[in-house]
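What follows is a predicted protein model with its sequence.
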Amino acid sequence: MGGDEDQAKQFMAVPGRDVIAWLERQGWTRPADDNSGSVWTVRGGDQDKLCYMCDDFDGYGRDTYCAEHEDPGAALVYPVRDRRGAEATLRTICAQEGMTADELLHVLTLRGCHEAHLYFAGSLFRFPADIENLWRALADLTEIMRVSYDAAGAEDANGSAYSHASLVAPDHVVFGYGYGDEEEDEEAPKDRNGASEPEGRFRAPARRAAEVLQTTLSLLHPSPRATSVVRRYATGELTMVEVVGPEDFMPAAGPERELWDMLDNFRHEHASFKHWRFDWGLDGRQG
């Protein structure tokens, strides 16, 4: 129980504006009819699967309301009043977002860096490991990160100075798109009053590079909803028919195409991407 108590204390110490900003980015909202202003809900249901209520475009006299997709999938209370409330809110968020409490606390206190967490369908290596194959995989990952800066249009001098790549588990790598403490960066752009500009020479490239990687991964692994249309058989059965494939989203040329090819080659030569998570530094000027 000691661990839960420590995590609850750490959660309560996070500035409320940071927690609220993160909840909103994850799709949590406050119901309009909640007078307390402290209840948060998020929609449930798998949006990619066929739904005989939402996809019933002919209607057949059915009520268009869909409980699975329009009713809250989870609810929590924030701000919390005490340790027990913090523990309950932590459990709810972690269960809904598929994170551990330590991962959530890390995200809520992330500064000076955006992180891309890439999880593989299988391990990059198992003991005894082939050093040459592992070296090639790690070299390819390092190159993927470098090319993401190129695809974002970042110049070398304004790109990866604060960035890093870490293998934290055989099936998990982290790209850290760092931008450092620009308040102390003497070369950071200044306005006419001598203050650091909001988008410094490291902050903006780091954000763009991480976004380019996120977009490319999403286009390389599009959801069924992005590539299919819903059709109805004469029997009334609904089905999803693929009308475009990932190759239809492929960039034509340039660094964006190079990044696409590198990610595509990596999943065929080393390990496929099971899922990914992007954590955005809370001081990173997010939109």
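Okay, I see it.

Quick one: low-confidence residue ranges for this structure.
For the chain, the stretches flagged by pLDDT under 70 are 1-3, 45-47, 52, 56-65, 67-70, 155-161, 181-200, 283-287.

just so I have it, where are all the strands in the stretch 101-250 of the chain?
113-120, 164-169, 172-178, 228-232, 238-242 (DSSP state E, counting those that start in this stretch).

Name the residues of the first one that are buried.
Applying a neighbour-count criterion of 16 or more other Cβ atoms under 10 Å, one finds 113, 114, 115, 116, 117, 118, 120 buried in strand 113-120. To be clear about C-beta, it is placed using only N, CA and C from the backbone, and glycine gets the same treatment.

so which of these would you say is closest to residue 37?
Set against residue 37, the nearest of the buried residues of strand 113-120 by Cβ to Cβ is residue 114 (29.8 Å).

Count the residues that sit near the residue nearest to residue 230 when sequence neighbours are not counted.
Among residues not flanking residue 230 along the chain, residue 55 sits closest, at 4.9 Å (Cβ to Cβ, 6 or more residues apart in numbering). The local packing of residue 55 (other Cβ atoms under 10 Å) involves 16 other residues.

tell me which element residue 55 falls in.
Assigned by DSSP states H and E, residue 55 falls within no helix or strand.

so it makes contact with residue 229?
No - between residue 55 and residue 229 there is no contact under Cβ atoms under 8 Å: 10.3 Å.

Only C-alpha atoms, please: export the strand or helix carrying residue 4 in CSV.
Taking DSSP H and E as the definition, one finds residue 4 inside helix 2-13. The C-alpha coordinates for helix 2-13 follow below in CSV (Å, rounded to 0.1, in the frame of the first residue of the first chain):
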residue,chain,number,x,y,z
GLY,A,2,3.0,2.2,0.6
GLY,A,3,3.6,2.4,-3.2
ASP,A,4,0.0,3.5,-3.8
GLU,A,5,0.3,6.2,-1.1
ASP,A,6,3.5,7.6,-2.6
GLN,A,7,2.0,7.7,-6.1
ALA,A,8,-1.1,9.4,-4.7
LYS,A,9,1.0,12.0,-3.0
GLN,A,10,3.0,12.6,-6.2
PHE,A,11,-0.2,12.9,-8.2
MET,A,12,-1.6,15.5,-5.8
ALA,A,13,1.6,17.5,-6.1
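
List the buried residues in it.
7, 8, 10, 11, 12.

Contacts only, for residue 212.
The contact partners of residue 212, taken as Cβ atoms under 8 Å, 6 or more residues apart in numbering, are 148, 151, 152, 256, 259.

please redo it, this time with the cut-off set to 7 Å
148, 151, 152, 259 (Cβ atoms under 7 Å, 6 or more residues apart in numbering).

Check residue 138 too.
Per Cβ under 7 Å, 6+ apart, neighbours of residue 138: residue 167.

distance of it from residue 36?
In this view, residue 138 and residue 36 are 50 Å apart by Cβ to Cβ, to the nearest Å.

if we can go back for a sec, what's the helix holding residue 4 in contact with?
80, 83, 86, 87, 90, 101, 105.

Just give me how far it sits from the chain centre.
Per Cα atoms, centre = their mean, to the nearest Å, the displacement of helix 2-13 from the mean C-alpha position of its chain is 24 Å.

before we move on, what about stretch 238-254?
With Cα atoms, centre = their mean, you get 22 Å for stretch 238-254.

Can you dump the C-alpha atoms of it in CSV for me?
The C-alpha coordinates for stretch 238-254 follow below in CSV (Å, rounded to 0.1, in the frame of the first residue of the first chain):
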residue,chain,number,x,y,z
LEU,A,238,-23.1,-4.7,-42.4
THR,A,239,-19.5,-5.1,-43.6
MET,A,240,-16.5,-2.9,-44.0
VAL,A,241,-14.9,-2.9,-47.5
GLU,A,242,-11.4,-1.6,-47.9
VAL,A,243,-11.2,0.9,-50.7
VAL,A,244,-7.6,2.3,-50.1
GLY,A,245,-4.5,0.8,-48.5
PRO,A,246,-1.5,2.2,-46.6
GLU,A,247,0.4,2.6,-49.9
ASP,A,248,-2.2,5.2,-51.0
PHE,A,249,-0.9,7.5,-48.1
MET,A,250,2.7,7.1,-49.1
PRO,A,251,4.6,10.4,-49.6
ALA,A,252,5.8,10.9,-53.2
ALA,A,253,9.4,11.8,-52.4
GLY,A,254,11.7,13.7,-50.1
